[in-house]
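# below are the sequence and a predicted model; questions follow.
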Amino acid sequence: MADVASRESLSLTIYAETLAAYERKNVFAEIVTKKTISNGKSAQFIANTRGEEAAVASLVAGTAGTVGANALNTGVVRTHGLGVDSRTLASDVIIGERTITVERPKIVRKNIDDFDAQIVAYDTRQIVTSQMGSTMANYVDRRTIKELDKAMIVTSLLDANYGSIQVQDVASNVYSSAIGSAVSREGKGDYTVEGIFSMAAELDDKDQMDSERYFVCNNETFYNILLSQKAVNGDWNAGDNGSIASGNVFEIGGVKILRSNNLAANLLTSTLAMSGGGQTFVGFMLTKEVIGLLELYGLRTNQWDDMDYDQYVMKAALATGYGVLNPASLCALTTGTQNA
């Protein structure tokens with residue numbers, strides 16, 4: 001019984017260590033719309049592509065006394081003989097349902113040789129669990145970034161019930177040549193702060209004002225922002241908004257500042273090729289409504305002895321799916337050479 005208890009304790013330890021590394025390294029999993037299913041392969045997500053209902057005056061009336069074609073595609077609303085009815089049907093609201101399907105599980109397996117584990121002067125288990133958690137976190141981040149790159153150029157979404165949803169407002173690309181041409185890191189930071197306000201204005205103009213906003217950038221851009229007097233100087237900011245000493249800047253214009261190691265150019269090909277945008281990526285501003293993440297099961301671990309090969313095996317797995325929900329709440333900041 002003691003052996004069973006010790007193995008249960010070890011199982012919990014391995015899971016806790018892997019989960020801690022996963023949560024420490026993961027950035028994007030908490031800034032998306034998440035759903036979990038216990039079985040099946042897909043689920044529906046609400047896709048609201050505009051922050052407000054379209055103005056009645058701009059809609060095309062359908063046949064008197066009938067419900068016209070679905071409003072997701074054509075803007076037709078319920079009408080009476082005297083004109084547009086003020087009542088709204090479910091099919092008249094400019095939202096839709098998106099089906100997101102779970103992809104094949106991501107699995108990380110580590111085989112630890114019993115002899116090697118005993119002769120080395122370090123704890124192989126803790127190192128391996130940290131590696132597994134970090135690998136899973138990087139996978140989720142990179143997979144989400146690829147979906148954000150798709151969202152930058154999407155103009156229509158496949159609805160679960162009504163065919164194509166015409167995106168009311170597409171994603172934005174704010175270009176700043178000044179960030180790339182600035183000589184000092186402080187100057188780059190100042191222009192990046194200005195770019196963040198420009199991005200916020202883009203989302204405001206599209207009525208995307210109801211959800212918390214996040215700006216995610218790489219480490220270099222993050223530290224450039226930290227050196228900007230506009231970001232952390234007490235004359236610009238009331239209270240504590242971070243400091244050079246702490247190495248943090250918390251918010252700019254109500255936007256939370258985050259950083260990721262996974263914003264690689266090869267994951268951002270569509271973003272960096274957009275007309276009028278730049279070929280150097282600076283950061284994304286987004287809300288949780290941009291991307292949907294479906295979990296069949298979140299991070300889980302398993303472990304066992306492989307007596308045939310005198311090794312201890314540890315495995316981490318997760319099964320998720322990803323999809324674009326609302327590109328209007330997404331904006332990229334770019335610099336460098338501007339695309340035609």
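Cool, the structure landed. Quick caveat: nothing in here was measured; it's all calculated off a predicted structure.

# does residue 135 belong to a helix, a strand or coil?
The three-state label given to residue 135 by DSSP: H, G, I helix; E, B strand; the rest coil is helix.

# my read: it touches residue 107, true?
No: here residue 135 does not reach residue 107: they are 10.1 Å apart, not a contact under Cβ atoms under 8 Å. C-beta here means a position set from N, CA and C on the backbone, and glycine is covered the same way.

# my read: residue 27 touches residue 257, true?
No: look at residue 27 against residue 257 with Cβ under 8 Å: they stay out of range, at 11.4 Å.

# neighbour-wise, which of these two wins?
More neighbours surround residue 257 than the other of residue 27 and residue 257, with 23 against 20 (other Cβ atoms under 10 Å).

# correct me, but that one touches residue 225?
Yes: using Cβ under 8 Å, residue 257 is in contact with residue 225, at 6.5 Å.

# ok, the nearest residue to residue 109 once chain neighbours are set aside to residue 27 distance?
Using Cβ to Cβ, 6 or more residues apart in numbering and skipping residues adjacent in sequence, the residue nearest residue 109 is residue 315, 4.7 Å away. Using Cβ to Cβ, to the nearest Å, residue 315 is found at 24 Å from residue 27.

# then residue 325?
19 Å.

# which regions of the protein sit below the pLDDT cut-off?
Residue ranges of the chain with pLDDT under 70: 1-8, 49-95, 120-122, 160-163, 165-166, 232-249.

# quickly list the domain ranges of it.
1-49+97-340, 54-93 (automatic domain parsing).

# please identify the most buried of those domains.
domain 1-49+97-340 (a mean of 18; mean count of other Cβ atoms under 10 Å).

# can you list residues touching both of residue 135 and residue 107?
residue 316 (Cβ atoms under 8 Å, 6 or more residues apart in numbering).

# can you map out the helices along the stretch 51-200 of the chain?
71-74, 114-119, 124-151, 177-181, 185-205 (DSSP state H, counting those that start in this stretch).

# got those helices as JSON lines, with distance to residue 320 columns?
Shown next, in JSON lines, are those (distance: least, Cβ to Cβ, whole Å):
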{"stretch": "helix 71-74", "distance to residue 320": "27"}
{"stretch": "helix 114-119", "distance to residue 320": "31"}
{"stretch": "helix 124-151", "distance to residue 320": "7"}
{"stretch": "helix 177-181", "distance to residue 320": "33"}
{"stretch": "helix 185-205", "distance to residue 320": "26"}
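
# nearest to residue 291 among these would be which one?
helix 124-151 (5.2 Å; Cβ to Cβ).

# and that closest one, what does it pack onto?
When contacts are defined as 3 or more Cβ pairs under 8 Å, 6 or more residues apart in numbering; DSSP states H and E, helix 124-151 packs onto helix 2-25, strand 106-113, helix 114-119, strand 291-306, strand 311-324.

# now those in CSV, with distance to residue 188?
Formatted as CSV, the helices and strands packed on helix 124-151 follow (distance: least, Cβ to Cβ, whole Å):
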stretch, distance to residue 188
helix 2-25, 26
strand 106-113, 35
helix 114-119, 47
strand 291-306, 28
strand 311-324, 30
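
# closest to residue 206 out of those?
strand 311-324 (15.5 Å).

# and the closest one, which strands flank it?
strand 106-113 (antiparallel), strand 291-306 (antiparallel) (DSSP bridges).

# in JSON lines: the ones you listed, plus distance to residue 17.
Shown next, in JSON lines, are those (distance: least, Cβ to Cβ, whole Å):
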{"stretch": "strand 106-113", "distance to residue 17": "12"}
{"stretch": "strand 291-306", "distance to residue 17": "9"}
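
# of all these, which one comes closest to residue 285?
The nearest among the strands paired with strand 311-324, by Cβ to Cβ, is strand 291-306 at 13.3 Å.

# how far is the closest one from where the chain is centred?
The chain centroid and the centroid of strand 291-306 are separated by 19 Å under Cα atoms, centre = their mean, to the nearest Å.

# next one: stretch 144-155
10 Å.

# list the contacts of residue 144.
Residue 144 sits in contact with 28, 29, 32, 291, 293, 322, where contact means Cβ under 8 Å, 6+ apart.

# any idea which of the residues you listed is closest to residue 103?
residue 322 (7.6 Å).

# which residue is the nearest non-sequential neighbour of that closest one?
Residue 322 sits nearest to residue 147 (Cβ to Cβ, 6+ apart), 4.6 Å away.

# these two touch, right, the one you found and residue 321?
No: in this structure, residue 147 is not within contact of residue 321 by Cβ under 8 Å, at 10.0 Å.

# what distance do you get for residue 106 to residue 318?
Counting by Cβ to Cβ - residue 106 and residue 318 are separated by 6 Å.

# who touches both of those two?
residue 136.

# residues in contact with stretch 123-143?
14, 17-29, 106, 108, 110, 112, 116-117, 260-262, 264, 267, 293, 299, 301, 314, 316, 318, 320, 322.

# how far does it sit from the chain's center?
Distance, stretch centre to chain centre, for stretch 123-143: 19 Å (Cα atoms, centre = their mean).

# also stretch 311-320?
The answer for stretch 311-320 is 24 Å, by Cα atoms, centre = their mean.
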